[in-house]
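Asks: need a structure here:
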Amino acid sequence: MAENFDPVLGGQQPAGSDPVMGGLVGIEQALGSPNPKVRIQAIKGALRYGSRGAELVIQALRNDPNWEVQFAAWETLLESKDPQQVQVAKSHRLPLRQVGDVRARYKAGERDFRWANLRGADLIEANLSGANLSGANLSGANLSQANLSRADLSGANLSQANLSRADLSEADLSWANLSEANLSRANLSWANLSEADLSGANLSRADLSGANLSQANLS
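Replies: Below is the predicted model of the structure:
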């Protein structure tokens with residue numbers, strides 16, 4: 001079976017009338033569905049169809065109006081074995097989500113707040129234990145005495161946030177931006193702070209027992 005390599009998108013593209021093209025047509029049709037879940041399912045299987053499949057995923061990443069579909073495309077490319085596809089994902093900045101009332105949504109059972117725009121939010125004493133806030137913007141937010149134990153805050157922006165007396169025990173704060181954050185008396189026991197930016201942060205009387213601070217910036 002003849003195959004063509006695309007130097008831009010990478011991967012191999014089926015040529016001719018190979019039966020695999022029937023599957024590709026199905027992917028294209030599914031990506032035109034009004035149902036985001038159908039489009040996400042199509043994205044997860046698209047890369048098996050070579051450069052055309054990768055092209056469809058990239059189009060979804062850049063143009064789909066649904067954030068969840070965009071994220072699925074971004075994640076699919078990021079996990080690709082093709083370094084050029086991975087680079088497309090890394091160079092694309094995902095838009096932040098508007099999530100509304102986080103407290104109410106958490107109380108209703110929702111835990112997925114990835115890439116949420118919570119800049120300057122008032123979350124004093126909020127219970128967000130175990131929530132996924134990876135990539136979220138919480139810069140300047142008031143999280144004083146909030147429960148963020150076991151929360152995923154990897155890559156989150158918490159610069160200048162008030163986290164005084166917050167419970168961040170066992171939280172994942174790897175790659176998080178905590179510059180100039182107030183972490184006084186915060187519970188950071190067994191938290192993952194590897195490669196986090198803590199420059200200028202207030203850590204007075206914080207509990208860092210068992211915390212992972214490898215390659216963290218504590219200047």
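
Asks: buried sites along the biggest helix by length in the chain?
Replies: Secondary structure of the chain per DSSP state H: the longest helix is helix 50-63. Buried residues in helix 50-63, defined by neighbour count with 16 or more other CB atoms under 10 Å: Gly50, Ser51, Arg52, Gly53, Ala54, Glu55, Leu56, Val57, Ile58, Ala60, Leu61. (Glycine included, C-beta is placed from N, CA and C.)

Asks: just checking, what packs against the next helix or strand after that helix?
Replies: Later in the chain than helix 50-63, the nearest helix or strand by DSSP states H and E is helix 67-78. Judged by 3 or more CB pairs under 8 Å, 6 or more residues apart in numbering; DSSP states H and E, helix 67-78 is in contact with helix 36-46, helix 50-63, helix 83-91.

Asks: dump those helices to a markdown table, plus mean pLDDT and distance to Asp101.
Replies: A markdown table is the format used below for the helices and strands packed on helix 67-78 (pLDDT from 0 to 100; distance: least, CB to CB, whole Å):
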| stretch | mean pLDDT | distance to Asp101 |
| --- | --- | --- |
| helix 36-46 | 94 | 22 |
| helix 50-63 | 93 | 28 |
| helix 83-91 | 91 | 30 |
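
Asks: go ahead and confirm Val38 touches Ala30.
Replies: Yes. Val38 is within contact range of Ala30, at 5.3 Å (criterion: CB atoms under 8 Å).

Asks: so for those two, which residue has more residues nearby?
Replies: Neighbour totals were compared for Val38 and Ala30, and Ala30 leads with 18 against 15 (other CB atoms under 10 Å).

Asks: number of nearby residues for the closest residue to the more buried one other than its chain neighbours?
Replies: Nearest non-adjacent residue to Ala30, counting by CB to CB, 6 or more residues apart in numbering: Ala42, 3.6 Å away. Neighbour count for Ala42, taken as other CB under 10 Å: 23.

Asks: quick one: contacts for Ala42?
Replies: For Ala42, the contact set (CB atoms under 8 Å, 6 or more residues apart in numbering) comprises Gly26, Ile27, Ala30, Leu31, Ser33, Leu56.

Asks: from memory the last one sits against Ala46, does it?
Replies: If I follow you right, that is Leu56. Yes. With contact defined as CB under 8 Å, Leu56 and Ala46 form a contacting pair (5.2 Å).

Asks: so what sits against both of the two?
Replies: Ile27, Leu31.

Asks: tell me how many other residues crowd Asp207.
Replies: Asp207 has 18 nearby residues by other CB under 10 Å.

Asks: ramachandran coordinates for it?
Replies: phi -100, psi 110 (degrees, to the nearest 10).

Asks: before we move on, what's the pLDDT of it?
Replies: The score at Asp207 is 98. That number is its pLDDT.

Asks: now do the contacts for it.
Replies: Applying CB under 8 Å, 6+ apart, the residues near Asp207 are Ala186, Asn187, Leu188, Ser189.

Asks: ok, 10 Å please
Replies: Asp167, Leu168, Ser169, Leu183, Arg185, Ala186, Asn187, Leu188, Ser189, Trp190, Ala191 (CB atoms under 10 Å, 6 or more residues apart in numbering).
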